[in-house]
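**Student:** Dropping the sequence and predicted coords here.
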Amino acid sequence: MSRCAVRATLGVVVYSVALTGAWAQTAVPAAPPSASSPAFPSQSFVYEVLRQKVRFENNGTGRTETLLHVRVQNDAGVQHWGNLTLPYASATQRFDVLVFEVHKPDGQIVRGDPSAIQDAVVQPEAGAGVFHDLRQKHLTVPALKAGDRLVLHMAWTTHTPVVQGQFFLLHKFADEAIVLDERLEIDIPAGRSVVTAVSPTAPREQTDMKGTVANGRRVYRWQHSLLKLPDASASDNNAEQDQEEAKQPDVRLSTFDTWEAVGRWYARLAAPAAMADSAVRARTDAVVKGLTTDEEKIRAIYEYVSQEIRYVSLSFGVTRYAPHPAGTVLANQYGDCKDKHTLLAAMLGAAGIEAWPVLANTGRSVESKVPSPVEFDHLFTVLPRGAGPQDWVWLDTTPGVAPYRMLLAGLRDKQVLVVPMPPPVNGKDHGSARLMTTPAAPAVANETMIEIEGRVNALGVLDARVRQTLRGDAELLMRIVLRAVPQDKWIDVARGAAEALSLGSSVSDARILNLASPREPLVTEFTVRHAGHLKPTKTGATLAVPFPQQTFPAGSESAWEKRVKAALGGPEIIVRRVRLDLPSGYKAKAPLGVTLAREPLEYKSTYTWRPTACGLSERCGPAPRT
């Protein structure tokens, strides 16, 4: 989903309806608030009215309606609301704009023309390809000026249930701007059993989640307002504390009563696609030819699907959760995360190795008490091998450049739904689907080595060759970035690395090694020339040794003191080696070491220097003065 205000406010509702289906009674447009409404002059816009009605039917079809009045207060608000992007699921939904108006202070109403509404495909972020039939309506708002009121009335009608006979929902109340009056209504069949969860920080439901029952329906209602935004320092601090977690939804609802039921549904949906046809079996035989152990075969098949099958986001047949058949993915040589898993599982199955799908959320933790497919936005693979889950092999082919068994940091130590697939290749019954926690440690140890070798001349100019070797999380992220960078732009990557080392931007001869070989470390090399590196003083000169700084995520000292937790990442080994030849006549003096201990952390640094008999060139003369 996108991040502009209307999407932040409506996106969760659209997202939930896209996956569930809802039918709401027609929302009655509320009259604009009176002129006496609070002004909040410091805000670029204010939500005066926000009404969201969701109605579910027993078969999963339905409709959601949203009514929105936004008071636009300055040019920033005009920029924010002048062009809107509203997503919907094209395979299961129809999206209609019922009212699209700008109300002027003098009472004039300017209505949006249908030609101002354009339809476009959404491209989800890489790694989050479970939902990829999303489309967007782009609305260009006419004649919008500061002081106007934007009125939108929209409907998402679900004509094809994602899961026949089931519905589920996530909702987040608006929290990024002042809200005068927000109301949520969820209308379900009275006899339908549902599982619900409401965040402790969410508004209270008017009947304490019992609902109002009438005419065979049960209706839940919330009312919410936000008249004061959190101060910036508190928001920054909270963002730092939760930087690895997206904000949890305020309201969850699902007709699934167990995670086993969710798993059974997905297994029935996905199992047919993972069957190996003759083409898949032939490709498997070619990939594993000459290999004798299961470990060798698993690695070879993983590397083939990871590197040779391109990740793309596509619309597809039954629902957003249904993968293409493995043979189709092989023939196309591309697919989304589900498709790549399906081909991987089919090829492994052809080699006699069992593989299961893993449903995950890339942004936040899963709510274990409300079983629902909408909790997930990504899918990868696990191989149930060994004595227990601690020995299982977790594989994600989506990044395309990940070393064997390497999961992105956002997928580690994360609760996921593991779905055993019938029939087991080895004849064992591994039970039903269940929530499990992925390994916390990276499969490839985090190691960074920076080696700098160079010479500083008497004018203080540094000429050096820099070599950076990465393994683990930093390597994987850099591979993903570099894969999209053409070779003639590698010099820009090298400039960024040089600037991070405080070596300026005068860079040449940049090379990147092992980019297409995840079995080997990723290496970046470049030559740098930096003037003024030796700075004269009254008693000699100072020389900044080019070590990159090690920092921790804190916006300020006060924010650091208030932190509840610190996200330091996984264990990492960092090695930095610098060899510099100094001009003749200079004698080096190492910095003083530092030791600092504050529970539960300890820092210790030591420095040594060693004179050498020759410099970087091959012309080694008499030993220089040091």
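**Tutor:** Arrived safely.
**Student:** show me where pLDDT drops low in the stretch 501-626 of the chain?
**Tutor:** In the predicted model of the stretch 501-626 of the chain, residues 548-570, 612-626 satisfy pLDDT under 70.
**Student:** the helices in it, which residues?
**Tutor:** Secondary structure of the stretch 501-626 of the chain (DSSP state H, counting those that start in this stretch): helices located at 557-562.
**Student:** now swap in the stretch 1-150 of the chain and tell me
**Tutor:** Going by DSSP H, counting those that start in this stretch, the stretch 1-150 of the chain shows helices at 5-20, 75-81.
**Student:** lowest-confidence stretch among the ones you listed?
**Tutor:** Note on the helices of the stretch 1-150 of the chain: helix 5-20 shows the lowest mean pLDDT, a mean of 35.
**Student:** Which positions within the strand or helix carrying residue 342 qualify as buried?
**Tutor:** For residue 342, the host element (DSSP states H and E) is helix 337-350. Neighbour counts using 16 or more other Cβ atoms under 10 Å place 337-350 of helix 337-350 among the buried residues. C-beta here means a position set from N, CA and C on the backbone, and glycine is covered the same way.
**Student:** which two in those residues are spaced the farthest apart?
**Tutor:** Using Cβ to Cβ, these reach their maximum pairwise distance at 337 and 350, which is 20.7 Å.
**Student:** elements contacting the host helix or strand of residue 262?
**Tutor:** Using DSSP H and E, residue 262 sits within helix 259-270. Helices and strands touching helix 259-270, by 3 or more Cβ pairs under 8 Å, 6 or more residues apart in numbering; DSSP states H and E, are strand 356-360, strand 415-418, strand 434-437.
**Student:** buried stuff in the last one?
**Tutor:** For strand 434-437, burial by neighbour count (16+ other Cβ under 10 Å) applies to 434, 435.
**Student:** One more: stretch 523-533?
**Tutor:** 523, 524, 525, 526, 527, 528, 529, 530, 533.
**Student:** What are the contacting residues of that stretch?
**Tutor:** Outside stretch 523-533, the residues that touch it by Cβ atoms under 8 Å, 6 or more residues apart in numbering are 454, 456, 459-470, 478, 491, 493-494, 497-498, 503-504, 506-514, 543-544.
**Student:** how about a cut-off of 7 Å?
**Tutor:** For stretch 523-533, contacts defined as Cβ atoms under 7 Å, 6 or more residues apart in numbering pick out 456, 460-469, 493-494, 497-498, 503-504, 506-514, 543-544.
**Student:** Which parts of the stretch 251-400 of the chain are helices?
**Tutor:** Using DSSP H, counting those that start in this stretch, helices in the stretch 251-400 of the chain cover 259-270, 278-288, 294-308, 326-332, 337-350.
**Student:** Would you mind pulling up the elements that the longest one packs against?
**Tutor:** By that I understand helix 294-308. Helix 294-308 sits against helix 278-288, helix 337-350, with contacts defined as 3 or more Cβ pairs under 7 Å, 6 or more residues apart in numbering; DSSP states H and E.
**Student:** before we move on, what about the last one?
**Tutor:** Helix 337-350 sits against helix 278-288, helix 294-308, helix 326-332, strand 378-383, with contacts defined as 3+ Cβ pairs under 7 Å, 6+ apart.
**Student:** what's the angle from it to helix 259-270?
**Tutor:** 80 degrees (axes from the mean of the first three to the mean of the last three Cα atoms, to 10 degrees).
**Student:** can you tell me the average pLDDT over helix 337-350?
**Tutor:** Mean predicted lDDT for helix 337-350 stands at 96.
**Student:** Also the first one?
**Tutor:** Confidence over helix 259-270, taken as the mean pLDDT, stands at 94.
**Student:** Over to the shortest one?
**Tutor:** Here the mean pLDDT over helix 326-332 is 96, rounded to a whole number.
**Student:** How far does that helix sit from its chain's centre?
**Tutor:** Centre-to-centre, helix 326-332 and its host chain are 27 Å apart (Cα atoms, centre = their mean, to the nearest Å).
**Student:** Residues touching that helix, excluding its own?
**Tutor:** Against helix 326-332 from outside (Cβ under 7 Å, 6+ apart): 273-277, 279-280, 283, 309, 335, 339, 342-343, 346.
**Student:** Can you list the buried residues in that helix?
**Tutor:** So for helix 326-332, counting by 16+ other Cβ under 10 Å, buried means 326, 327, 328, 329, 330.
**Student:** Run a quick neighbour tally on the residue lying closest to residue 225 once chain neighbours are set aside.
**Tutor:** Counting by Cβ to Cβ, 6 or more residues apart in numbering, residue 225 lies nearest to residue 179, which is 5.5 Å off, once chain neighbours are set aside. Residue crowding around residue 179 was assessed by other Cβ atoms under 10 Å; the count is 20.
**Student:** try residue 193
**Tutor:** Other residues within reach of residue 193, judged by other Cβ under 10 Å, total 8.
**Student:** what's the answer for residue 589, then?
**Tutor:** The number of residues packed near residue 589 is 11, by other Cβ under 10 Å.
**Student:** which residue packs closest to it, ignoring adjacent ones?
**Tutor:** residue 609 (7.9 Å).
**Student:** again, but for residue 146
**Tutor:** residue 74 is the one closest to residue 146 (Cβ to Cβ, 6+ apart), at 5.0 Å.
**Student:** Count the neighbours of the one you found for me.
**Tutor:** With other Cβ under 10 Å as criterion, residue 74 counts 15.
**Student:** gap between residue 311 and residue 587?
**Tutor:** Residue 311 is 56 Å from residue 587, where distance means Cβ to Cβ, to the nearest Å.
**Student:** neighbour-wise, which of the two wins?
**Tutor:** Between residue 311 and residue 587, counting by other Cβ under 10 Å, residue 311 is the more crowded of the two (18 against 10).
**Student:** quick one on the thing from earlier: save the buried residues of helix 337-350 as a markdown table, and put in distance to residue 93 too.
**Tutor:** Listed next are these as a markdown table, based on distance: Cβ to Cβ, whole Å:
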| residue | distance to residue 93 |
| --- | --- |
| 337 | 22 |
| 338 | 20 |
| 339 | 22 |
| 340 | 26 |
| 341 | 26 |
| 342 | 25 |
| 343 | 29 |
| 344 | 31 |
| 345 | 30 |
| 346 | 31 |
| 347 | 35 |
| 348 | 35 |
| 349 | 35 |
| 350 | 37 |
